[in-house]
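Engineer: Sequence plus the predicted model coming up.
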4 protein chains.
Amino acid sequence: MADSKFYGVIPPVVVPLDANRELDVPAFERSINRMIEGGVHGLFFLGSSGEVAFLNDDQRFQLLEEAVRIVDHRVPVLAGVIDMETERVIKQVKRTQQYDVDGLVCTAPFYALGGPKENERHFRVIREHAELPLFAYDLPVCVHTKLDPTMLVRLGNDGVLAGVKDSSGDDVQFRWLMLENEDAGHPLQLLTGHEVCVDGAYLGGADGSVPGLANLAPREYVEMWDAYQAKDWDTVKEKQDYLARLMFVTRRVQATVGFGAGVGAFKTALWQMGVFNTNQMREPVQPLVGDDVIEIVRVLKRAGLMDVASAPRL
Amino acid sequence: MADSKFYGVIPPVVVPLDANRELDVPAFERSINRMIEGGVHGLFFLGSSGEVAFLNDDQRFQLLEEAVRIVDHRVPVLAGVIDMETERVIKQVKRTQQYDVDGLVCTAPFYALGGPKENERHFRVIREHAELPLFAYDLPVCVHTKLDPTMLVRLGNDGVLAGVKDSSGDDVQFRWLMLENEDAGHPLQLLTGHEVCVDGAYLGGADGSVPGLANLAPREYVEMWDAYQAKDWDTVKEKQDYLARLMFVTRRVQATVGFGAGVGAFKTALWQMGVFNTNQMREPVQPLVGDDVIEIVRVLKRAGLMDVASAPRL
Amino acid sequence: MADSKFYGVIPPVVVPLDANRELDVPAFERSINRMIEGGVHGLFFLGSSGEVAFLNDDQRFQLLEEAVRIVDHRVPVLAGVIDMETERVIKQVKRTQQYDVDGLVCTAPFYALGGPKENERHFRVIREHAELPLFAYDLPVCVHTKLDPTMLVRLGNDGVLAGVKDSSGDDVQFRWLMLENEDAGHPLQLLTGHEVCVDGAYLGGADGSVPGLANLAPREYVEMWDAYQAKDWDTVKEKQDYLARLMFVTRRVQATVGFGAGVGAFKTALWQMGVFNTNQMREPVQPLVGDDVIEIVRVLKRAGLMDVASAPRL
Amino acid sequence: MADSKFYGVIPPVVVPLDANRELDVPAFERSINRMIEGGVHGLFFLGSSGEVAFLNDDQRFQLLEEAVRIVDHRVPVLAGVIDMETERVIKQVKRTQQYDVDGLVCTAPFYALGGPKENERHFRVIREHAELPLFAYDLPVCVHTKLDPTMLVRLGNDGVLAGVKDSSGDDVQFRWLMLENEDAGHPLQLLTGHEVCVDGAYLGGADGSVPGLANLAPREYVEMWDAYQAKDWDTVKEKQDYLARLMFVTRRVQATVGFGAGVGAFKTALWQMGVFNTNQMREPVQPLVGDDVIEIVRVLKRAGLMDVASAPRL
């Protein structure tokens, strides 16, 4: 791990929009700076939380250009190269590599599903067209395939993959992945996206985390990482409990389900906290309103992220 | 229905590749002409069977250009505008409309799932950016969402949708869709993609079918349609039984699952029948070989689509 | 088919309860007689719609005793022998065979799932302990396994199964099952439980149907069967359209999902029609009330099953 | 927690059969004694791993009688009362309470699914008929329903539930359950069945674990518990890593899937270790043979649970 720059807390960056549903560059800058000042060890753009599915290619690369400019090498940058099948991903890889990013993040094929053979070949073919380190993004909720630990370690050994961002929610498989990775000499950097269970992943030896919730509380995730490095497990647990409670922002949304409830809640929280100027969402998703906002404010106040005396923005 | 040009048998066109995995234009021409000469009433390009997920945008529009040139207005052309979420689909719509096609086919949002509200808004927003008739493509196997009949009819009434290609496999919902569409004055052309159960859809009053299997047997699907128009149900049933048996080409594939087994079997059959020059697949999918080919040949010979004396190409 | 007594319309009998949630024998008798007088060709007790999961063994066999007494050999009786795995089913078989029933209906194993080998062996072992004809009940919505057509025909050929009640909702597999069954000399009686798509199953050659909705409209299902026998497909379609619309009783339930919405709607309809005295459900399910009842009444009135002038019972 | 007797390591007891597929009482005694001598804090009989689905009622209660006799009050005994819906569970409760057991374990309704209302009412009605402490068994892999943390805590507060055995594999929900339970004053004893991730559950504050794998390695699970009580997290992690590797016995089974692969691997391991006399399974499941056995032996030898020089029993 010592020789990898990808470790620690690497938030997938949630994207602020202005009232016209365009990228709100000042708010983007404010949020990125807040996370870097909070001590994060990297940033991941154009992931699922980063609206990659909702942006056309021009919008994707406008965002990436701003991101790289704002980060300005203060921390390593990972960029998602998310598209349906191999050829389309290769196009994303080529264009992404024109920007000053440090690594690429790629899912299994989706839309037209195959089996394990196709998944493995997909990463191998992409590797041939990529110059930067490549992370597999294990994300069944979006791509409806679970990546097999043994295959991932094989791809690590063969120099295809540099690491894995695990958002599968399958902590058994992730534990097995960590064990098999150790047996193989740790070819992969293993990052969990399972933001409520990061402490368990650390206890198992994970190399870092990619928690969407770190957009709201970057410092607390960094403090949990630092405590992990110091083997101060009481603090690890305490921070995780705090963050698990903060994740309640996503739990009681009434208006919709899926992305609009999850990332919609993050945006609404960042708006209420004054980091974002709106909680606007990209089409066809609508921003949360009314009781959903009030419930989120309640969670934020309990977490000390909003002044208990301040009124919700509605 | 009389005033729509979208009815009858509209195969989703399977794409032949040469040995270098590039579009095999002569074979494409041969297959398209064979279907038109077989009497099909339209052709659908860039659908799931048409490899849309596996092509980058340049490849998509090269294919569409060839398709439009070959068809040359002999039948109406539908084109898939398949991408993850609204903004990306709008880009596909705009570029597709530069070609001489007659209608667009669009799925629900995928990758980042939402709920019914997002699905409905997705089609409404796309409608605002489209000039051609728009078909909803109900395809849970790829997009993991089932479209609600009542919503579809509402979108038909509001002029958002011109029709539905139903590949949901949910014949109950399709029957209800037909009934609700009748009650509303038939705003939607309703096409089933459920190739083994087309006869039941016709009995229920469907306006046509979009069967991938019609790439192999266009004439038989047309004969089934003609029998339906003549209310000759014995012939409808007889043709469907023949075609349901022909669909066995996809049933016993051992090498893989999903797209490589389904469309892979269609390509292998067309290759064995001499329509295609290879059964090559796009990355990361591999062509079928060995016993899988032999089993497909067995089905083709039983169906009379290969001479019983001819040896399989291997 | 000529030599089987299991064909035509065989409704799975929905069970009326009194205000104390006990079997309402007079209403049970009324409903059974109404179906027999409507011309049904058999009756199926202790199926999913027949509350088999909700009854303890004493309640199951009390119900079966009443059922057999009321039917009194006017039509053949099928009885569900539904339990988790093989040994438990064998117990149900042995006790059921003490009653004067004509055939047994058994699902794949559930709760502790296995694969195709376990499914096939399950039926073979049960056959060794059964004296009556055995039907496989293909019901993934309850048992989370789909039975393979080739396996079913093999079990038919080997004398293990006498038939299949297909409630899988997978009309492609059912068509293939019908074709393979024909090729094998029709060892199986094939009955569809897919009540909105019975016409398509008949066009494909099904031996009968097992529609829960026939509790509401037995005569119409019988008329559809008679039209099928006469090859009067216009009437088949017309009856199916009527029945597909009547199935709307289940579509808009707000209070709950699953059994309480589906069978709950059937019971509510039968109560409103005066066949049942209540719409009571077994624990832990609650009867439908309020707007759900009013919506069901609306569907019944449109179908002519309630006088348009009569007020709903609330 | 201090006032509950249900805490620590409570293995779900796997059941040895003799060559005739009957309960092998001497092996049962040997295995139970080995676990108690290993320090376990309780035993859970008639759970999913304990073959509850495969036993008829006579077999269930024969097993329970032997179990209670062998345990002889050395540790508390939990007994599964597993059946489809409320009335059937109540029967199981009444008969189970005739044996000298300490608590009952009950799943959500299955076979005929409902929604959250039915799940909650199910537990409340069962409570009315039960005299012993009642644990909810959250087991979506068998019952296809996930229990909501907020509902579980409400049932704890109302005295309906004494605890939860969580085998959902959803560690986010389990963390939230632990937090909500703390906020409510800890009405529930929270036990994880997620045997590869017990360390994370302990870090989150779990009251114990119910790991099937503890049949193979009871002492190691107890040592992990003791280390947890001593806040010796290095040892907790080390033990969990050892156990996570031992769980590889279940990973590479080729012969089948599901129960026969999972519990089948446990039985095969216990047979190879000399604790069981066979690896027989109940109908319709078959015991593992050949390469599956050899692979399990390889894992056991690596774990030090078999002498590296000893040959596999085949």
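Structural biologist: Structure's in. What do you need?

Engineer: which parts of the stretch 51-200 of chain A sit against chain B?
Structural biologist: A:53-57, A:59, A:82, A:84-88, A:90-91, A:109-115, A:117-119, A:121-122, A:125, A:141-144 (Cβ under 8 Å from any Cβ of the partner chain). Just so you know, the C-beta spots here come from the backbone N, C-alpha and C atoms, and that holds for glycine as well.

Engineer: now the residues you listed: which count as buried?
Structural biologist: Buried members of these, scored by 16 or more other Cβ atoms under 10 Å in any protein chain shown, are A:53-56, A:59, A:82, A:84-88, A:90-91, A:109-115, A:117-119, A:121-122, A:125, A:141-144.

Engineer: I'd guessed residue A:129 sits against residue A:95; true?
Structural biologist: No: using Cβ atoms under 8 Å as the test, residue A:129 is too far from residue A:95 to be in contact (11.6 Å).

Engineer: Next, check the residues of the stretch 51-200 of chain A next to chain B against the helices and list the overlap.
Structural biologist: A:57, A:59, A:86-88, A:90-91, A:117-119, A:121-122, A:125, A:141-143 (DSSP state H).

Engineer: Sort out which one of these lies nearest residue B:220 for me.
Structural biologist: Distances from residue B:220 to those, taken as Cβ to Cβ, are shortest for residue A:118 (31.3 Å).

Engineer: give the contact list for that closest one.
Structural biologist: Listed by Cβ atoms under 8 Å, 6 or more residues apart in numbering or on different chains, the contact set of residue A:118 reads A:109, B:256, B:258, B:260, B:284-286.

Engineer: Among these, name the ones in strands.
Structural biologist: Judged by DSSP state E, strands contain none of the contacts of residue A:118.

Engineer: so which helix or strand takes in the residue of chain A at minimum distance from chain D?
Structural biologist: Nearest residue of chain A to chain D (Cβ to the nearest Cβ) works out as residue A:200 at 2.3 Å. Assigned by DSSP states H and E, residue A:200 belongs to helix A:198-203.

Engineer: And for the residue in chain A that chain C sits nearest to, the neighbour number?
Structural biologist: At 14.6 Å from chain C, residue A:257 is the closest residue in chain A, using Cβ to the nearest Cβ. Residues within reach of residue A:257, counting by other Cβ atoms under 10 Å in any protein chain shown, total 15.

Engineer: ditto for the one 4 residues further on
Structural biologist: Counted with other Cβ under 10 Å, the neighbours of residue A:261 add up to 20.

Engineer: what do you get for the one 4 residues further on?
Structural biologist: Taking other Cβ under 10 Å as the neighbour definition, residue A:265 ends up with a count of 27.

Engineer: likewise residue A:245?
Structural biologist: Residue A:245 sits with 18 neighbouring residues when counted by other Cβ under 10 Å.

Engineer: and it, what helix or strand is that in?
Structural biologist: Using DSSP H and E, residue A:245 falls in helix A:233-246.

Engineer: ok, and what's touching that helix?
Structural biologist: Residues contacting helix A:233-246 (Cβ under 8 Å, 6+ apart): A:195-199, A:202-203, A:211, A:213, A:216-217, A:220-221, A:223-224, A:227-228, A:299-300, A:302-303, A:305, D:172, D:175-176, D:179, D:203-205, D:231, D:233.

Engineer: Then stretch A:225-232?
Structural biologist: With Cβ under 8 Å, 6+ apart as the criterion, stretch A:225-232 contacts A:8-9, A:41, A:199, A:202, A:208-209, A:233, A:235-236, A:239, D:233-234.
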